[in-house]
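Colleague: prediction below, plus the sequence it came from.
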Amino acid sequence: MIDASVTDAPYLSLRLRPDGQVHVRGAATCQLGQSLDYGHESPDGVFAWWRWDGSALRAANDRYGMQPLFYARDGEGIALSSSLPRLLLEGAPADLDEAALAVFLRTGYFVGEDTAFRAIRALPPNARLEWSGGRLHVSGGLPLPPRQTMTRDEAIDAYIPLFREAVRRRLPAEGPGEPELVMPLSGGRDSRHILLELLLLGCRPAFCLTVRHHLPRVDQDAELAARLTEALGLRQVLLDQIEPRLQAEQRKNLKTSFSSDEGTAFLALGDYLETYRDGRPAIIFDGIAGDFLSDGRFLSEQRLALLEAGRIADLADDLLHRPGHLPDLLRDDVAERLSRQVAIARLQAELERHLDAPNPIQSYIFQNRCRREIATFAFTFYSPAVEKRCPYLDHDVVDFLLSLPARVFLPPSFHADAINRAFPAYASIPFEQPVVRRDERYRQELLALFAELDGWLAREPSRLLDAEKVRAWMAAHLAGGRTPALFSAHLIYALQFEQFVRTLPSRG
């Protein structure tokens, strides 16, 4: 199943002929996203672009590399696209990057500029790419701010007005013909902080949009967002999941270029905004990077101790301790090539790139899980008619939060404390804590899903997965095993990934 997110994705291929001429296929120019000028050295916003002028190809992206853009090198040729599957369909080499996959299967995201394929790379942050005469040069990297020394209270007091200014800079114009502001709202911190700042600045969204998640996740989002919108006198629209989980996962995998194990629920947001507006412009404020920068979910005393002791391999091992069983269900020969030790070595190399940052773990998470996973659905699930404004990616906000020492962000939540200090009137409304419920309805959904997956395994014998191990796992889950709910997404990913690679056109 190949949908329009792949076939309609912008694409350019340049291949150098023996006579020195360049064979060109695709769009000579492309602009993705939107750059914003707030007087900084480099543009704000989330964007990427390329331009081929007949002799040289140039490409660049935003300071944080949040706009997905991939390039493939094949000999002296090069190809670019916002969709990795499109590059493969157009003939990019499909040899697997096994170290990259070993990390992905244990974290749910790729690191650095890795993809599942050795010849295809993600453009780095703040990138500049140039190709001419068969020669390629790529540069980039996130500039690191100098370390600041502040107490936690001082940092919270400084963060509040800084973020308020970031929202103010992005306020939409008002009046006839202007795009309508719609505010996605969950029960978490990121969207609540944005919404409360918008209202303080005199900007009211037309309505708030809350999506319910697939089972087995219990939706506190809907309840907590409803409490907040009622207190604020705003209209809330609730979106249910109507697309079957299997189809939603497959669509998500293609849209995210096989770069994320999550995000499926948010497809409904993009679908709704496209259909209700009938293609007319809309503006949303997206909370991407909020908690990655201003909360300590990935920090712990143990991880900081490993970092301070220089035990980077042990820190990598700890960061791989994410629930999931897919590596245990690989065929024995594949499991050896995608082993945990292979993943640790690759993750250690990536962590070492962040050791000079004031907060290396936060820098790693921001540039990897946020940039390489969350951004793949935050900036691919919406049509171009939906303008996305991202105040947590404001340069001043990012530089400030990345400059603080790690211990400022250790629990309790720095971000929650900042929101409640800035808006004490709403502090009684708690923030969402994800809850998993495995009830009879969920069990019936699993029965149907597992039957489909079992049929898939029977129709297309897998060279990655051990079918008997998979069937034994499914049986144990249905019998009451406490296996993480995300695993069914991992299994769908593996089966679809293998099917997609298997059906690529022959390169002759």
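Modeller: Noted; the coordinates are in hand. No experiment lies behind these values; they were computed from the predicted model shown. Residues are numbered from 1 along each chain as shown.
Colleague: the nearest residue to Trp52 once chain neighbours are set aside: what's it in contact with?
Modeller: Once flanking residues are discounted, Trp52 sits nearest to Ala28: 4.4 Å by C-beta to C-beta, 6 or more residues apart in numbering. Every residue, glycine included, has its C-beta placed from N, CA and C. When contacts are counted by C-beta atoms under 8 Å, 6 or more residues apart in numbering, Ala28 touches Leu12, Arg51, Trp52, Asp53.
Colleague: and for Val24?
Modeller: Neighbouring residues of Val24 by C-beta under 8 Å, 6+ apart: Leu12, Ser13, Leu14, Trp52.
Colleague: which stretches of the stretch 101-250 of the chain form helices?
Modeller: In the stretch 101-250 of the chain, the helices defined using DSSP state H, counting those that start in this stretch lie at 152-169, 189-200, 220-232, 245-255.
Colleague: CA atoms only for the first one, dumped as PDB, please.
Modeller: The C-alpha trace of helix 152-169 is given here as PDB (Å, rounded to 0.1, in the frame of the first residue of the first chain):
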ATOM      1  CA  ARG A 152      15.800  26.200  39.600                       C
ATOM      2  CA  ASP A 153      13.600  29.100  40.800                       C
ATOM      3  CA  GLU A 154      15.700  31.600  38.800                       C
ATOM      4  CA  ALA A 155      15.500  29.500  35.700                       C
ATOM      5  CA  ILE A 156      11.700  29.200  36.000                       C
ATOM      6  CA  ASP A 157      11.400  32.900  36.500                       C
ATOM      7  CA  ALA A 158      13.500  33.600  33.400                       C
ATOM      8  CA  TYR A 159      11.700  30.900  31.300                       C
ATOM      9  CA  ILE A 160       8.200  32.300  31.800                       C
ATOM     10  CA  PRO A 161       8.700  35.700  30.000                       C
ATOM     11  CA  LEU A 162      11.000  34.200  27.400                       C
ATOM     12  CA  PHE A 163       8.400  31.700  26.300                       C
ATOM     13  CA  ARG A 164       5.700  34.400  26.400                       C
ATOM     14  CA  GLU A 165       7.700  36.500  23.900                       C
ATOM     15  CA  ALA A 166       8.100  33.400  21.700                       C
ATOM     16  CA  VAL A 167       4.400  33.000  21.500                       C
ATOM     17  CA  ARG A 168       3.900  36.800  21.000                       C
ATOM     18  CA  ARG A 169       6.200  36.700  18.000                       C
END
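Colleague: out of the contacts of Ala28, which end up buried?
Modeller: Using 16 or more other C-beta atoms under 10 Å as the burial test, the contacts of Ala28 include Leu12, Trp52 as buried.
Colleague: any idea how far apart the tips of stretch 59-66 sit?
Modeller: End-to-end distance of stretch 59-66 (C-alpha to C-alpha, to the nearest Å): 14 Å.
Colleague: report the buried residues of it.
Modeller: Neighbour-count burial for stretch 59-66 flags Ala59, Ala60, Asn61, Asp62, Arg63, Tyr64, Gly65, Met66 (criterion: 16+ other C-beta under 10 Å).
Colleague: in which helix or strand does Asp318 reside?
Modeller: Using DSSP states H and E, Asp318 falls within helix 312-319.
Colleague: re earlier: what separates the residue nearest to Trp52 from Ser81, distance-wise?
Modeller: 14 Å (C-beta to C-beta, to the nearest Å).
Colleague: residues in contact with both of the two, list them for me.
Modeller: Joint contacts of Ala28 and Ser81 (C-beta under 8 Å, 6+ apart) are Leu12.
Colleague: in this protein, what spans have low per-residue confidence?
Modeller: Where the chain drops to pLDDT under 70, the residues are 1, 218, 279, 322-324, 434-438, 481-487, 507-508.
Colleague: what does the longest helix along it contact?
Modeller: Using DSSP state H to define each element, the chain has its longest helix at helix 440-459. Defining contact as C-beta under 8 Å, 6+ apart, one finds that helix 440-459 is touched by 215-216, 245-246, 465, 467, 470-471, 474, 477-478, 488, 491-492, 495.
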